[in-house]
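**Student:** I'll drop the sequence and a predicted model, then ask my questions.
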Amino acid sequence: MTAVAPTAKDFKSDQEIRWCPGCGDYAILKQMQKVMADLKAERHNTVFVSGIGCSSRFPYYMNTYGFHTIHGRGPAVATGLKVARPELDVWLITGDGDGLSIGAGHLVHTMRRNVDINILLFNNRIYGLTKGQYSPTSEVGKKTKSTPMGSLDTPINPLQVALASEAAFVGRCIDVDGKHQQEMLKRAAAFRGTAFLEIYQDCNVYNHMAWEYATDRKIKAENIVVIEHGQPLIFGAERNKGIHLDGLKPRIVELGNGVGVDDLLVHDETDATLAYLLTQLRYPDFPEPVGVFHAVERPCYEKAVAEQIAAAREKKGEGDLKALIHGGDTWIVE
Amino acid sequence: MTAVAPTAKDFKSDQEIRWCPGCGDYAILKQMQKVMADLKAERHNTVFVSGIGCSSRFPYYMNTYGFHTIHGRGPAVATGLKVARPELDVWLITGDGDGLSIGAGHLVHTMRRNVDINILLFNNRIYGLTKGQYSPTSEVGKKTKSTPMGSLDTPINPLQVALASEAAFVGRCIDVDGKHQQEMLKRAAAFRGTAFLEIYQDCNVYNHMAWEYATDRKIKAENIVVIEHGQPLIFGAERNKGIHLDGLKPRIVELGNGVGVDDLLVHDETDATLAYLLTQLRYPDFPEPVGVFHAVERPCYEKAVAEQIAAAREKKGEGDLKALIHGGDTWIVE
Amino acid sequence: MPAATPKPTESVTSATVRFAGDSGDGMQLAGTQFTHTSAIFGNDVSTLPDFPAEIRAPAGTLAGVSGFQINFSSRDIHTPGDRVDALIAMNPAALKSNLADLVEGGILIINVDEFTEANLKRAKWDHNPLEGDTLHAYRVYEVPITRHTMEAVKPTGLGAKEASRCKNFYALGMVFWLYDRPLDTTLGWIDKKFSRREEIAEANTLALRAGYSFGDTAEMFSVQYAVTRATLPAGTYRNVTGNQALAMGLVAAARLSDRPLFYGSYPITPASDILHELSSYKHFDVRTFQAEDEIAAVCSAIGAGFGGALAATGSSGPGIALKQEAIGLGVMTELPLLIIDVQRAGPSTGMPTKPEQTDLWQVLLGRNGECPLPVVAAQSPGDCFRTAIEAARVAMQYMTPVVILSDGFLANSSEPWKIPDVDGLEKIEIRHAVENNNPDGNFLPYLRNERGSRPWALPGTPGLEHRIGGLSKDDRTGNVSYDPLNHEKMIHLRAGKVANVADSVGPQPVFGEPHGKLLVISWGGTYGPVRTAVADAVDAGKSVGHLHLRWLNPLPSDLTEVLDSFERVLICEMNSGQLQLLIRGRYCLDAAGLHKVQGRPFTVAEVAERMDAMLEGQA
Amino acid sequence: MPAATPKPTESVTSATVRFAGDSGDGMQLAGTQFTHTSAIFGNDVSTLPDFPAEIRAPAGTLAGVSGFQINFSSRDIHTPGDRVDALIAMNPAALKSNLADLVEGGILIINVDEFTEANLKRAKWDHNPLEGDTLHAYRVYEVPITRHTMEAVKPTGLGAKEASRCKNFYALGMVFWLYDRPLDTTLGWIDKKFSRREEIAEANTLALRAGYSFGDTAEMFSVQYAVTRATLPAGTYRNVTGNQALAMGLVAAARLSDRPLFYGSYPITPASDILHELSSYKHFDVRTFQAEDEIAAVCSAIGAGFGGALAATGSSGPGIALKQEAIGLGVMTELPLLIIDVQRAGPSTGMPTKPEQTDLWQVLLGRNGECPLPVVAAQSPGDCFRTAIEAARVAMQYMTPVVILSDGFLANSSEPWKIPDVDGLEKIEIRHAVENNNPDGNFLPYLRNERGSRPWALPGTPGLEHRIGGLSKDDRTGNVSYDPLNHEKMIHLRAGKVANVADSVGPQPVFGEPHGKLLVISWGGTYGPVRTAVADAVDAGKSVGHLHLRWLNPLPSDLTEVLDSFERVLICEMNSGQLQLLIRGRYCLDAAGLHKVQGRPFTVAEVAERMDAMLEGQA
Ligand SMILES: Cc1ncc(C[n+]2csc(CCOP(=O)(O)OP(=O)(O)O)c2C)c(N)n1
Ligand SMILES: Cc1ncc(C[n+]2csc(CCOP(=O)(O)OP(=O)(O)O)c2C)c(N)n1
Ligand code: SF4
Ligand code: SF4
Ligand SMILES: [Mg+2]
Ligand SMILES: [Mg+2]
């Protein structure tokens, strides 16, 4: 509408933000508003859908259309919206509880359908809104209000779930790494199909520092490896370490002493097995990859729906209500 | 109870079987009754739990304890039962719709918890009981009652979902291959932790021959590869073909002409990446593996629950109700 | 064969025929053909198909019996008939499970060929009913249907299996003769249906004609029955099941409102056919979505409604239970949404293929919080069409989820339906918000109009950006609010809006006596037997009226006066008294109830008996 | 400091104090300490905590205000007080959102240090209320609480941030002085709590004493109030919240029935604390299971119940909606199961932290099919204990799911609870089936006893192997059955069994007049204000009785007689009339309703006003 290019401020709603001071959600909100402006997104054609959780309050703070739905069901609402209105730009905000606990089934099915929406999963490894119970991504032995002696369930790896759900785009980034996050948001925005992005997010109150190893300036370079298509996996403060593949087993190697860049694993976004392998690199044994793990274009669900409708019209002609209700055997009473 | 060893017949209930003639479910039921007898299972300590679907009628036909629950929720009922009664032998019967559509979330969480139950997913790639709609495992383009122009959703691979759910035991077998199926059922029975077994099952009425390539005597040897721990992947009617790995890419090779068994991929049940890779071998590009894809022992949920209870008792003593309700500040009114 | 001797013809106003056999015997097809022929012939017709819960129960067992009942008449009828005048039993199991419904002295045609030891055992007969006096109360005709059929179709050279498949047409031919019906409709259908397999067409034709001739020539039947044409309103008619009519009604509503139709559903008996039907209407811009479960189904519809589609979701009892939390979101966000509940026997999984009316409480009262929404129930298969349109109109004009109640009986049974004039159907006027309604600031998504309804502002509209959700919302702005008085106010505003729907619904006419001794109230599928029973009573000069409630919420605004016009009130329901409790509670009225929770509809006699007892002051 | 001058003491029977400040200000702690002291001192006490929906709303904002109200008395009390006699406002936001509840002429203690420009703006004050006449109706005490606290704790050397954290103890000290309470309970608590951080213990002690001294010595307060001991029944008391009491009740029921307790739940406000509490009772063989969602939670409990555990699941409105389909399975399979619904304001997500009673319909009537189950509601925080035991007894003895209703208010507020004598609690006798009950064949899992209850035969028992499920089942054998009359019979048998629970529940005594002009009915958390209002009315000689219904299903068998003993009936509920509809419908009685749906409890005055209007024939 406005001829002037939008600024991040244009994407701020008038609602008071109700996250705890220091919550990682603030950083993500800020990057999103910036990215929206950079992409010259149209506010009226953009919709943020969410479930329930601290993270799911996100839509209230974006000056676009928004729908704060119910716990875990955001993917289904977003799917219906996108199928009804393919031209809208639909973003889904969810949390590790919302998306992977109560909403796991919906997430799986939305990804396999490849509905063209962008899913951001704010992973703080805790239930924030309900005041600190363990979540599906909490590490084993996590002591929380509901697990005073430690949790027992092996955590889910969101990216593995995405890959198993045939997700066409799978990525990861970190709340406080603004620049990289912006890149990822832009990649997701540009992708046609379901783009699934896990965002490490700090819950300042109930799980502070869960991601310290990946965010603390002093150590993060050792614990994070930025992956890029076609590039070898190099990391470390000195950028002197890399990941090498022994058959199917990844190994950390130091560069030098006969080990060169050519010995390193080179990332390939199109290889699902590689993506799966990369999801298995976990701290503290390995640096954790951030970036786009996997990206392959395949038909979008809502487009295919529209195509079937077009094909049906092509074949049968635009539906004729009269013909429809007069279908089958009829007879006349005079 | 009975001193005499049980026979398959002892595991037949008095209920009339209500599957369509020719349904693959009969074969599975038969193998199960045989396996139960072979394992000298105790009828009274065995419970079959199921959801809803043709397959989920299974418990009615086993002369053990049984619970035919509601659609998709079998895993949760089985979990509660096993946590309450760890000494029982609990089997869960589910279908591709029951387990992977409405019940996908429960399946995922049951597997990550590693509750010691055996899950058999009868995959007929169709909704049988509701008379033939496409299911989460139906191939793209499937024409069914609800998708007259063909389905649009990419199918889910049950084994990939299991692996992404950190399942400790993942296997596959085929309804009509009785011997192999018995082996798999016995492996599952012996495994401590969640054993997930996909069984290719023919729905004779709504999806007959969906697995023809894997069951037809004339061609199945070319389309199926039986995997065994420590063994190379060889297949073919002449057993002259094998799977070779080029980096992360599997390739079919013919044995001979300088290609030997040593060039073939050797199966390793403990390697999750390999398991994932194997799940990606799909007809018609590859022969489809049957056997145990992955098996690693890790702590069982219900055991860990019991251990925490024991530890708490150790530490705090057996709970004292009087002390409990007198906890906190008390005062006396006279 | 002996030459045909002309037989006497007896005239009857109506008759009820039931074809019963194994699921593989083609009874549904025979029934449907008999229905078509009778309808086209000019009778009023009502049918009751009854198929097994199992996909294919073992042949010959009781679980595998499939039946189809047709009531046809020269008068207006509303039910498939209480009892059966003529039963065709294709095997011992069919005889066993259907005999109880045959009237004393009724016609019983039996396919003796199937009465083998093995089949008798499968059907759990402890003796052969053809021997002894089990059947002495009926007019039994033992016909070797299988053998006759095989002989008749021999010329086609079909194999034994395919040949014996034609026996339903042989049976149909016999019954056509018995009720003096023409063969041409079915013959035409056979030709069309099997145009690509001529030998099958030929075989079925031969079997049909052989059955007819057998009736004509055999010594067995001593009389033929004639059911003359009914005087139905003029128009074009077709047979339609409830599920078909509902699907077409949704398509019509989408057309009338110029919205695309979105239908999100998860398969469940007996609602699945709505999904199936709609999925073949893609050329009407119908977007069907088979969701991963019922929760996703309703949520997808909520998303589509937010986007501006005419959004609907359908299921049966257990699935509706799962949808309730999300329906609450629809109520809170005040979005249009149709929820179709094709009721089946419960509780829990219950008897999936059998009808009940036991979901009324669930849909009216079964959500957390104060969560009212309009509820309308279809009264007959054809009525599902207009019900869908009415519900859609209310949903979009009042911005609210609306429940449409049907049941497994309406869903699957068919009746002749007078096809409405498409051009005469009233448009559903929808005006989406396009401009900011607030001169002083941001768009007010919860500013209400004279109906109490909020604007339907669609994403994509510049300047109306707003956020909605399930938290309590501020009046007008829709912002999240925890203000106690605002919360209560919004509860009243939403309830008031639903109450306003009564304005669109109008008063409900009473059939029969406008005041008098007894008012009989029905809703949904109980319409047929109640209307029939009351009509008979009125004909007999009894002081009875019939009020059929289509809208269960809101109730008609003139209901108090109607209730006050009668000495006593009887509410008939296929449940334990769900509407009865509500009417009693709301109007403080000692209404009696007639309840039946057997997974099958009332018979006219059951209603009549209770009415008479009340009229005579015995109940 | 000036020397203390003795101040006059005014005696009052009861008083209501509210501490209000930012979420970071420690108001819940101050309130709890005041409660403890008053309880131990010997008053009857009732409290109402009120915390923000957000975890940590921005400091100083209205969304971030946290409050704690205590009503303490020398008489029997049942509510936390309608209005506040003394309000402590720690910042402008707290003042703004709490002022309306202060009685005219009430005491208002204000922490003036926080009334900065910035804070006034954050609280959306458009002027400084300390200037002008905004507060002229109150007795205002402007105290520099922050500054005084900092000074008082200086000796400990704590940093500014930690020092200022002590200001809740300063405020508490002042209020202790004002109501003439001893400091020792709190001093003891401080020592124990901070035994590892002595400087904090020291600081809090100093702040507390400083606040007390300020009251004592400052010129400001002219009078001290005394609320003397109440005459409570003799015994040992403790404070308990509803959620605590419910958790302990479940543990007790498990002990009394000698079953392990299984609790399957998914976190949701305000029910989560039950899960938290129970998860710390592992040494009682309590097995808590945080499920992936509410459906899994209830299903896990059903599985555990099948296995022989005392199985429970808990949630709030939206979660209960999700559980309904599975609860139907529990009803059909007739397994013991406790379903706890801690009600909150709806519909949809509503106001999660606020109480309502709007789930009554949902739990009674909100399932597919005919699906009745017993429902009991706790009436006060302490009553949750016995309610849990009672419900467990019914569930196991009648083999049925039972709903326990609580609400967000009962769940979080506390009252002094007379600790029952553990040895005096009646055992719950459970006899599992161990032998085949059918001499003629297989075990009959649906053979009923005199209560109408089926046997609880556990997997693991040799010879009793059987299969259950959600399909309609044959009487006695439990096999799948589609027989229409059997289906109806089973519906009646299950309903009859639930009705039989009335035998265990017994008649419900009426408080006040046994017959007369007006009967006031309450249920659940409305007990407190209604009992208080009726007690006052009876004291004033009015012809009023109070019937509190603990069991909502079945209703007491003597209810008809009770209702008939009064000219008029008034039903008070925090909803739009849910019980009212049921009582009216069931008893055909024109009962009036008092409704409040604001996410907060009735005040005594609201009840009294309506009672008086009815007594005077004006309503
Ligand atoms: C049906 C239902 N069940 C439970 C809840 C309570 N609930 C709200 S948010 C939440 C979990 C939040 O965790 P997560 O998705 O990780 O979001 P976060 O708050 O950590 O951002 C739960 C259990 C609810 N609102 N609705
Ligand atoms: C809540 C609920 N939704 C839907 C149904 C209907 N339903 C029963 S079984 C089934 C799917 C069966 O498919 P699958 O699990 O693959 O089992 P199969 O019949 O193929 O063995 C459906 C949709 C139901 N019973 N309950
Ligand atoms: S609780 Fe945690 S996730 Fe929620 S707003 Fe506070 S810091 Fe953020
Ligand atoms: S419908 Fe298919 S899966 Fe079901 S019983 Fe028949 S053949 Fe088996
Ligand atoms: Mg989280
Ligand atoms: Mg299937």
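**Tutor:** Looks like it arrived, so ask away. Ligands and ions are numbered 1, 2, ... in the order given.
**Student:** for the record, mean pLDDT for stretch C:519-529?
**Tutor:** Throughout stretch C:519-529, pLDDT has a mean value of 97.
**Student:** for stretch A:208-224, same thing?
**Tutor:** The predicted model assigns stretch A:208-224 a mean pLDDT of 97.
**Student:** swap in stretch C:609-619?
**Tutor:** The average pLDDT within stretch C:609-619 is 91.
**Student:** is that stretch up against chain D anywhere?
**Tutor:** No: Stretch C:609-619 lies out of reach of chain D by CB under 8 Å from any CB of the partner chain, never closer than 15.8 Å. (Each C-beta comes from the backbone N, C-alpha and C, glycine too.)
**Student:** Low-confidence stretches in chain C?
**Tutor:** Within chain C, the stretches with pLDDT under 70 are C:1-6, C:53-55.
**Student:** Please, which helix or strand holds the most centrally placed residue in it?
**Tutor:** When chain C is reduced to its mean C-alpha position, the nearest residue by CA atoms, centre = their mean turns out to be residue C:410, at 0.8 Å. Using DSSP states H and E, residue C:410 maps to helix C:408-412.
**Student:** could you pull out the strands for the stretch 251-400 of chain C?
**Tutor:** With DSSP state E, counting those that start in this stretch as the criterion, the stretch 251-400 of chain C has strands at C:261-265, C:286-290, C:310-315, C:337-343, C:375-377.
**Student:** tell me the most buried of those?
**Tutor:** strand C:310-315 (a mean of 32; mean count of other CB atoms under 10 Å in any protein chain shown).
**Student:** That one packs against which elements?
**Tutor:** On a contact count with 3 or more CB pairs under 8 Å, 6 or more residues apart in numbering or on different chains; DSSP states H and E, strand C:310-315 meets helix C:242-257, strand C:261-265, helix C:294-306, helix C:317-333, strand C:337-343, helix C:383-398.
**Student:** most neighbours per residue, which of these?
**Tutor:** helix C:294-306 (a mean of 32).
**Student:** could I get the strands of the stretch 251-400 of chain C as CSV with distance to ligand 4?
**Tutor:** Formatted as CSV, those follow (distance: least, CB to the nearest ligand atom, whole Å):
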stretch, distance to ligand 4
strand C:261-265, 20
strand C:286-290, 18
strand C:310-315, 21
strand C:337-343, 21
strand C:375-377, 32
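**Student:** Please identify which of these is closest to ligand 6.
**Tutor:** Ligand 6 sits nearest to strand C:286-290 of all the strands of the stretch 251-400 of chain C, at 13.8 Å, using CB to the ion.
**Student:** For that closest one, output the C-alpha coordinates as CSV.
**Tutor:** Output of strand C:286-290 as CSV, limited to C-alpha atoms (Å, rounded to 0.1, in the frame of the first residue of the first chain):
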residue,chain,number,x,y,z
VAL,C,286,-14.4,-27.3,-3.5
ARG,C,287,-11.2,-27.9,-1.5
THR,C,288,-11.4,-31.1,0.5
PHE,C,289,-8.7,-31.8,3.0
GLN,C,290,-8.3,-35.2,4.6
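**Student:** got the contact list for stretch C:100-110?
**Tutor:** By CB atoms under 8 Å, 6 or more residues apart in numbering or on different chains, the residues outside stretch C:100-110 that reach it are C:18, C:83-89, C:95, C:99, C:130, C:135, C:137-143, C:171, C:174-175, C:178.
**Student:** quick revisit: would you turn the strands of the stretch 251-400 of chain C into JSON lines with distance to residue A:54?
**Tutor:** Formatted as JSON lines, these follow (distance: least, CB to CB, whole Å):
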{"stretch": "strand C:261-265", "distance to residue A:54": "28"}
{"stretch": "strand C:286-290", "distance to residue A:54": "30"}
{"stretch": "strand C:310-315", "distance to residue A:54": "29"}
{"stretch": "strand C:337-343", "distance to residue A:54": "28"}
{"stretch": "strand C:375-377", "distance to residue A:54": "36"}
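**Student:** among these, which is nearest residue C:182?
**Tutor:** strand C:337-343 (34.8 Å; CB to CB).
**Student:** Name the strands paired with that closest one and say parallel or antiparallel.
**Tutor:** Applying DSSP bridges to the sheet, strand C:337-343 is found paired with strand C:310-315 (parallel), strand C:401-407 (parallel).
**Student:** Distance to residue B:43 for those strands - can I get that in JSON lines?
**Tutor:** Below are the strands paired with strand C:337-343 laid out as JSON lines (distance: least, CB to CB, whole Å):
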{"stretch": "strand C:310-315", "distance to residue B:43": "37"}
{"stretch": "strand C:401-407", "distance to residue B:43": "41"}
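**Student:** Tell me how many other residues crowd the residue in the stretch 201-334 of chain A positioned nearest to chain D.
**Tutor:** Going by CB to the nearest CB, chain D is nearest to residue A:205 of the stretch 201-334 of chain A, at 5.8 Å. When neighbours are counted by other CB atoms under 10 Å in any protein chain shown, residue A:205 registers 19.
**Student:** again, but for residue C:156
**Tutor:** The number of residues near residue C:156, taken as other CB under 10 Å, comes to 19.
**Student:** Repeat that for residue C:214.
**Tutor:** Per other CB under 10 Å, the neighbour tally for residue C:214 reads 20.
**Student:** that older thread, shouldn't the residue nearest to the centre of chain C be in contact with residue C:240?
**Tutor:** No: in this structure, residue C:410 is not within contact of residue C:240 by CB atoms under 8 Å, at 10.8 Å.
**Student:** where do the contact lists of the two overlap?
**Tutor:** residue C:381.
**Student:** What segments of the stretch 101-250 of chain A are strands?
**Tutor:** A:118-123, A:169-174, A:195-200, A:224-227, A:234-235, A:241-246, A:249-254.
**Student:** angle of the first one against strand A:195-200?
**Tutor:** Translated: strand A:118-123. Interaxial angle, strand A:118-123 versus strand A:195-200 (axes from the mean of the first three to the mean of the last three CA atoms, to 10 degrees): 20 degrees.
**Student:** helices or strands next to strand A:118-123 in the packing?
**Tutor:** When contacts are defined as 3+ CB pairs under 8 Å, 6+ apart, strand A:118-123 packs onto helix A:25-38, strand A:89-95, helix A:96-97, helix A:104-113, helix A:178-190, strand A:195-200.
**Student:** and it, which strands flank it?
**Tutor:** When DSSP bridges is applied, strand A:118-123 pairs with strand A:89-95 (parallel), strand A:195-200 (parallel).
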